[in-house]
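Peer 1: Make a model of this:
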Amino acid sequence: MLARDGLNDPQQDGCLYFSNASRTAMPLRSYLYPFLAIVLWAGNVIVSKMAASAISPTAITFYRLVLVLLLMSPFMLRTLWRNRVQIRRHWWQLALSGLLAMALFQSLSYRAAESTTATNMAIVTALIPLLTALLSVIVLGEAITIGMAVGGLLSFTGLLYLVGHGDLGAAMREGVHLGDALMLLAAFSYALYGVLLRRWKMNVPVWQAVYVQAVAALVLMLPQFLLLPSGTAALDARTLPLIAYSGIGSSILLSFLWIEGVKKLGPNRCSIFINLLPVLTALFAILWLNENMRAYHLIGGGVSLAGVLLTQVVQRPLFGARIGYR
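Peer 2: Alright, predicted model coming up:
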């Protein structure tokens, strides 16, 4: 996926800065935006799994960025030039954002798909709101909440049960499977991206930021792409549809739906929808990948998601007032 400005952060006036979400009632059609975004996200997990046997993770990450920039350039170059002073002011933040959200998150996700299931990938991805909350304590000095403490323990227990295939001690004895570890690292990268956006509060129009981040990610991916062995970056009838979905559906359309959802509903309401990601992904994986749903998926995934939900809804500080940050 391309940047969605943090799973827990709203857009105001189309710029990358943040405030509290509106508490007013919203029409039901407003909820279609985050729901359809999560449907596309679940589809992207399936595409990642399908791409694992068809194309190098580096290659599909590179090609999707090229496609996104080709599609966006006619609409963005003029406005970027007019806003070049502001872009230059935040160039290194935008470059680091592109590294975290578009280069690292995507390439690690594709690499993880080589050795774990789509269902596992979705469950670990759904931990992003929890990781965001925990990183906010460290980076932003926010107070630890009861939801974080209890939810974090629940999610960790559920994750151990999931990666241990029903054995809580398996991860301690045998280590975590490579694919699950890579997916957790990808989720951490995306969570850090969201927290840093809140820290920086860049006053940059959102689509301009997305474009510059994609340029930075493409530049960072180029050396790796050039070093790929021949035959691992082929463009053919098998890989082109995967790249098209990744670039158009998962990047541009998904980003638009999520951003519109956050504008209409606020970040907290939208972030709840990420809990649907494992459910939809598991359904798609059964239909298209012939993956089997195991008891440890239901139990471990359910406990992990319960922890995420608890983190999202229980906001009472554990030790008192917010710390604040400078």
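Peer 1: Would you map the strands across the protein?
Peer 2: Here the chain has no strands by DSSP state E.
Peer 1: quick one: low-confidence parts of the stretch 101-250 of the chain?
Peer 2: Along the stretch 101-250 of the chain, the parts satisfying pLDDT under 70 run over 171.
Peer 1: which one's the longest helix in this protein?
Peer 2: In the chain, assigned by DSSP state H, the helix with the most residues is helix 57-82.
Peer 1: Please name every helix or strand in contact with that one.
Peer 2: Taking 3 or more CB pairs under 8 Å, 6 or more residues apart in numbering; DSSP states H and E as contact, the helices and strands that helix 57-82 lies on are helix 105-112, helix 206-226, helix 239-244. Placement of C-beta: from N, CA and C, glycine included.
Peer 1: for the ones you listed, which one sits closest to Pro34?
Peer 2: Pro34 lies closest to helix 206-226 among the helices and strands packed on helix 57-82, at 15.9 Å (CB to CB).
Peer 1: May I see the buried residues of that closest one?
Peer 2: 206-218, 220-221, 224-225 (16 or more other CB atoms under 10 Å).
Peer 1: Which residues does it contact?
Peer 2: The contact list for helix 206-226 (CB atoms under 8 Å, 6 or more residues apart in numbering) reads 2-3, 5, 11, 14-16, 58-59, 61-62, 65-66, 68-69, 72-73, 76, 79-80, 83, 87, 91, 94-95, 97-99, 101-103, 107, 202, 204, 233, 255, 259.
Peer 1: Restrict it to CA atoms and write it as CSV.
Peer 2: This file holds the C-alpha atoms of helix 206-226, laid out as CSV (Å, rounded to 0.1, in the frame of the first residue of the first chain):
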residue,chain,number,x,y,z
VAL,A,206,-1.7,14.9,1.3
TRP,A,207,-1.4,13.8,-2.4
GLN,A,208,1.8,15.9,-2.8
ALA,A,209,3.3,14.1,0.2
VAL,A,210,2.2,10.7,-1.2
TYR,A,211,3.9,11.5,-4.6
VAL,A,212,7.2,12.7,-3.1
GLN,A,213,7.3,9.7,-0.8
ALA,A,214,6.8,7.4,-3.8
VAL,A,215,9.7,9.2,-5.6
ALA,A,216,11.9,8.7,-2.6
ALA,A,217,11.0,5.1,-2.2
LEU,A,218,11.6,4.5,-5.9
VAL,A,219,15.1,6.0,-5.6
LEU,A,220,15.8,3.8,-2.6
MET,A,221,14.6,0.7,-4.4
LEU,A,222,16.5,1.4,-7.7
PRO,A,223,20.0,0.0,-6.6
GLN,A,224,18.4,-3.2,-5.3
PHE,A,225,16.3,-3.6,-8.5
LEU,A,226,19.4,-3.2,-10.7
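Peer 1: could you give the angle of that helix to helix 57-82?
Peer 2: Calculated by axes from the mean of the first three to the mean of the last three CA atoms, to 10 degrees, helix 206-226 forms an angle of 140 degrees with helix 57-82.
Peer 1: the inter-axis angle of helix 206-226 versus helix 105-112?
Peer 2: Using the same axes, to 10 degrees, the inter-axis angle of helix 206-226 relative to helix 105-112 is 40 degrees.
Peer 1: What is the burial count for the spatially closest residue to Ile55 that is not a sequence neighbour?
Peer 2: Sequence neighbours aside, Thr239 is the residue nearest to Ile55 in space, at 4.7 Å (criterion: CB to CB, 6 or more residues apart in numbering). By other CB atoms under 10 Å, the residues close to Thr239 number 19.
Peer 1: Spit out the contact partners of Thr239.
Peer 2: Thr239 neighbours (CB under 8 Å, 6+ apart): 51, 54-55, 60.
Peer 1: Report the separation between Thr232 and Tyr245.
Peer 2: Using CB to CB, to the nearest Å, Thr232 is found at 20 Å from Tyr245.
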